[in-house]
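Asker: here is my input, please return the structure:
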Amino acid sequence: MIQFIRINIQFFFLCITWIIVGMYAPAFSLIYIPATTLLLYYKGMYRELLLGFLLILTLSDSRYFSLSFASEVKNSYIVLLSLFFIIDYKKITFKIPFVVYLVPFLLIAFFCIRYSPSVGPAVQKTISYALLFLVIPNYISVILEKDSNQFFRDIVWFMILILTCGLILNFLNPDITYLMGRFRGVLGNPNGLGIYVLMFTILFHVINTLYEDTFTKNERIFVYLICFLNLYMCGSRSSLIAAFLFLLLSNFYKIDKFFGFLIFIILLFSYQFISSNIDSIIISLGMEKYFRLESLERGSGRLVAWTFAWQNIQKHFFLGLGFNYTEYLYKLNYAYLSKLNHQGAAHNAYLTFWLDTGLIGLTTFLSGFVAIFYKIRKITPLVFPILYAVLFSNQFESWLTASLNPFTIQVLIIISIIYYKGFSGFENNENVEKKELANESPVPVH
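Answerer: Alright, predicted model coming up:
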């Protein structure tokens, strides 16, 4: 990590100036940060552009009022990245077409805007969702083509630095890093930190699997230690289970894909039994305080959120009221839901997609999203464990329904790395399609 700072000292100080300017001159940051991203682009620093975007998205998740500038900056940042992508489109030798799989969903989402009670945010969020899936995978392609090994080291140490800053701040002033008695680091809430660490753990595991010589044994131990420490301290139950599920299934899939799928089915059907006896299991382990047993039964208000969502889905079953409708609906009923011990939105990506875009939208999104994973299934045995972990995590949080957060972008980075590893040996994407039609899959990476 120290070596990362030393090698990237100029970019490191640039990030510090972003934060300082944003905290003390938020209005000026709306000019300063986009201006410096233009400078990065003209110098061909695509890796730094992506890392800078990841930093802004991470800061935008924070609840610190002084960092609220990031929520405004991220909108202009994704627009600039999109403009850069358009300018460089013909220069990109290997394109990653993930957005194509979501075209039916995006068409439904745009159609639903006509029914939206908040048209402005609905349009903005729909466009940003499309831009994220269009731009980020292709930025990854350009970066990997230039220097994949350096990018892997930079993004890992960059995110480890963010997680370490949370631990250091906790040591200096725990009041800053705790929310309602739970550790949140520099993220907005403990569950957000849990998702952040979950996705980063998967990203790091993928890099180590596909590019084994990128990190030394001691570096791997250090990274996993920081991840485990953050995940343990935040106490996010769903992220802990998702991480365990991912690592468990990854090992079984390495042995045999069918065996791995069988284990997943067993876990899936045993979920009800585990849920019914979770109190006894936790008490027998003596971990009732850590797992917050008193709130487990009511799901920390999630059951209230899910019931409320389902009731409103009946009103617009097949077509929703556009992106942002769920957030609008829950804010509108904040007083009522607070009395029932609920805060936040639906806490379930599938219910959120259903409310926003209807059953048709939910179906087209899941079809397109799963199709992306199916396309890269033969490149590495990690593909389906990643899919399972992501889908499981979104059963309890709605992060996949938003584009400009520090979680969804990590999914795109992960699957883009896998796609590039499997198909970048061909001159263009047409060759990829021809290869698939001929049932000649890329050599699996173990």
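
Asker: ranges for the strands of the stretch 301-446 of the chain?
Answerer: For the stretch 301-446 of the chain, applying DSSP state E, counting those that start in this stretch gives no strands.

Asker: any weak-confidence spans in it?
Answerer: For the stretch 301-446 of the chain, applying pLDDT under 70 flags the ranges 426-446.

Asker: redo that, cut-off 90
Answerer: By pLDDT under 90, the weakly predicted segments of the stretch 301-446 of the chain are 301-304, 337-345, 388, 392-393, 395-396, 424-446.

Asker: tell me which stretches of it form helices.
Answerer: 302-313, 325-332, 334-339, 349-375, 383-393, 408-423, 429-437 (DSSP state H, counting those that start in this stretch).

Asker: for Ser29, which of these is the nearest?
Answerer: For those, proximity to Ser29 was assessed by C-beta to C-beta; helix 408-423 is nearest, at 20.5 Å. Where you see a C-beta, it was placed from the backbone N, CA and C, and this is true even at glycine.

Asker: now the angle between helix 349-375 and the closest one, please.
Answerer: 10 degrees (axes from the mean of the first three to the mean of the last three C-alpha atoms, to 10 degrees).

Asker: which strands or helices does helix 408-423 pack on?
Answerer: helix 46-60, helix 98-101, helix 119-172, helix 190-210, helix 349-375, helix 383-393 (3 or more C-beta pairs under 8 Å, 6 or more residues apart in numbering; DSSP states H and E).

Asker: 6 Å - rerun?
Answerer: Counting contacts by 3 or more C-beta pairs under 6 Å, 6 or more residues apart in numbering; DSSP states H and E, helix 408-423 packs against helix 119-172, helix 190-210.

Asker: among the helices of the stretch 301-446 of the chain, which is nearest Tyr101?
Answerer: It's helix 349-375; of the helices of the stretch 301-446 of the chain, that one is closest to Tyr101 (C-beta to C-beta) at 3.9 Å.

Asker: how far away is the closest residue to Pro117 other than its chain neighbours from Leu321?
Answerer: Using C-beta to C-beta, 6 or more residues apart in numbering and skipping residues adjacent in sequence, the residue nearest Pro117 is Tyr328, 5.8 Å away. Counting by C-beta to C-beta, to the nearest Å, the separation of Tyr328 from Leu321 is 8 Å.

Asker: just Tyr253 next, same as before
Answerer: Tyr253 is 39 Å from Leu321, by C-beta to C-beta.

Asker: for Met199, same thing?
Answerer: 29 Å.

Asker: which one of those two is surrounded by more residues?
Answerer: Met199 (27 against 24; other C-beta atoms under 10 Å).

Asker: contact partners for the more buried one?
Answerer: Phe407, Gln410 (C-beta atoms under 6 Å, 6 or more residues apart in numbering).

Asker: try 10 Å
Answerer: By C-beta atoms under 10 Å, 6 or more residues apart in numbering, Met199 lies in contact with 159, 239, 242-243, 386, 389-390, 393, 399, 406-411, 413-414.

Asker: many thanks, have a good one.
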